[in-house]
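>>> using only what follows, build the 3D model:
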Amino acid sequence: MKVLLFNLPRHLDALRAGLLARPPFAVEEVSRAGELLRRLESTQFGMVIMNLPGDGIDIEQILPVIRSRGIPSARCILMLLVPEAHLEARRPLLSRGVNALLSAAAQTDELEAAIARQIEVAPRVNARVMVRVKARVQLGQASFIFQTVNVSATGMFLACATTLPVDSFFSFELVLPGTSTPLVGEARVVRHAAHGRESSLGMGTSFTSLRHDGRQILQNFLDKALAASSR
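A predicted model of the protein is given here:
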């Protein structure tokens, strides 16, 4: 997924070297308003993260441009960082084309969790299939069995009462329904389920690598599952 960053605060440098440095993300960053407009008009981005106001431009000026027909990124996931004091005043933007609104003072883990939530709920970008299979997880010398609640092209949600720490890397193996070859790879914990706001306790994970033909096995499974659900 192509991601465009605009005017990101320096305290979020760890985001560039963390979640966004790993597959499936490919990141570009601009700091000038003119370059922002040029990139939006010429390139299709799956996600745009902007810290506004910045370089003389504010969201009221740029939002109509981003969501206008004919712009390649018109259907992108749009995440907006604003000054803490402006958060409440900006909340109406969530019904006008902004997908996520955060304080510009948000820390890296907060923004990573928000990115993970957006990826999980955006079927245009990353189709998600509900599937309940057991995933064998290996963390160091310890082995665990988790229930996989859903799987997408970029990760899976594991239902569990006891979660691994955010940023934990682990190996996993699971057999998807209708397939005979196990899906084997490595993943990273990107968030924990929000208590009281989600139906399952557990953790959202992002695939960092899939071995052998894992990427194709996963995509074939998703394509068939989505085709079956649309009949």
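
>>> next, residue 101: secondary structure please.
strand (DSSP: H, G, I helix; E, B strand; the rest coil).

>>> again with the one 10 residues further on
Local secondary structure at residue 111 is given as helix here, using three-state DSSP.

>>> end to end, how far does stretch 207-222 reach?
15 Å (CA to CA, to the nearest Å).

>>> can you list contacts of that stretch?
22-24, 127, 129, 151-156, 169, 176-179, 181, 183-188 (CB atoms under 8 Å, 6 or more residues apart in numbering). To be clear about C-beta, it is placed using only N, CA and C from the backbone, and glycine gets the same treatment.

>>> only the buried subset of these, as a PyMOL command please.
In PyMOL, a selection of the buried entries from those looks like this (16 or more other CB atoms under 10 Å):
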select buried, resi 24+127+129+151+152+153+154+155+156+176+183+184+185+187+188
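
>>> looking at the contacts of stretch 207-222, which are in helices?
Residues of the contacts of stretch 207-222 located in helices (DSSP state H): none.

>>> in the longest helix seen in the chain, which residues are buried?
Across the chain, the longest stretch assigned as helix under DSSP H is helix 214-229. Residues of helix 214-229 classed as buried by neighbour count (16+ other CB under 10 Å): 214, 215, 217, 218, 221, 222, 225.

>>> CSV please, covering the residues you listed and showing pLDDT and distance to residue 11.
Shown next, in CSV, are the buried residues of helix 214-229 (pLDDT from 0 to 100; distance: CB to CB, whole Å):
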residue, pLDDT, distance to residue 11
214, 88, 35
215, 86, 34
217, 89, 39
218, 89, 35
221, 88, 39
222, 84, 36
225, 79, 40
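
>>> out of those, which one sits closest to residue 35?
Residue 35 lies nearest to residue 215 out of the buried residues of helix 214-229, by CB to CB, at 32.6 Å.

>>> mind listing what residue 100 touches?
Counted by CB under 8 Å, 6+ apart, residue 100 has contacts 77, 78, 79, 80, 94, 114, 117, 118.

>>> out of these, which are inside helices?
Short answer: the contacts of residue 100 in helices (DSSP H) are 114, 117, 118.

>>> which of the residues you listed has the weakest pLDDT?
Among the ones in helices among the contacts of residue 100, residue 117 has the lowest pLDDT, at 77.

>>> what stretches of this protein score poorly on pLDDT?
Residue ranges of the chain with pLDDT under 70: 120-130, 194-199, 229-231.

>>> recalculate using a threshold of 50.
Low-confidence segments of the chain, defined by pLDDT under 50: 121-126.

>>> ends of stretch 163-179, how far apart?
28 Å.

>>> need the contact partners of that stretch.
So stretch 163-179 is in contact with 18, 109, 112-113, 131, 133-139, 148, 151, 181-192, 201-203, 208, 217-218, 220-221, 224, going by CB under 8 Å, 6+ apart.

>>> just to be sure, residue 70 is in a strand?
No - counting by three-state DSSP, residue 70 is not found in a strand; it is coil.

>>> ok, it to residue 28 distance?
Distance, residue 70 to residue 28, by CB to CB, to the nearest Å: 20 Å.

>>> now the strands for this structure?
All strands of the chain, identified by DSSP state E, fall at 2-6, 26-30, 47-51, 77-82, 100-103, 128-139, 142-152, 155-159, 169-174, 183-192, 202-210.

>>> distance to residue 41 added to those strands, as a markdown table?
Shown next, in a markdown table, are the strands of the chain (distance: least, CB to CB, whole Å):
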| stretch | distance to residue 41 |
| --- | --- |
| strand 2-6 | 12 |
| strand 26-30 | 12 |
| strand 47-51 | 13 |
| strand 77-82 | 15 |
| strand 100-103 | 23 |
| strand 128-139 | 30 |
| strand 142-152 | 29 |
| strand 155-159 | 31 |
| strand 169-174 | 38 |
| strand 183-192 | 31 |
| strand 202-210 | 30 |
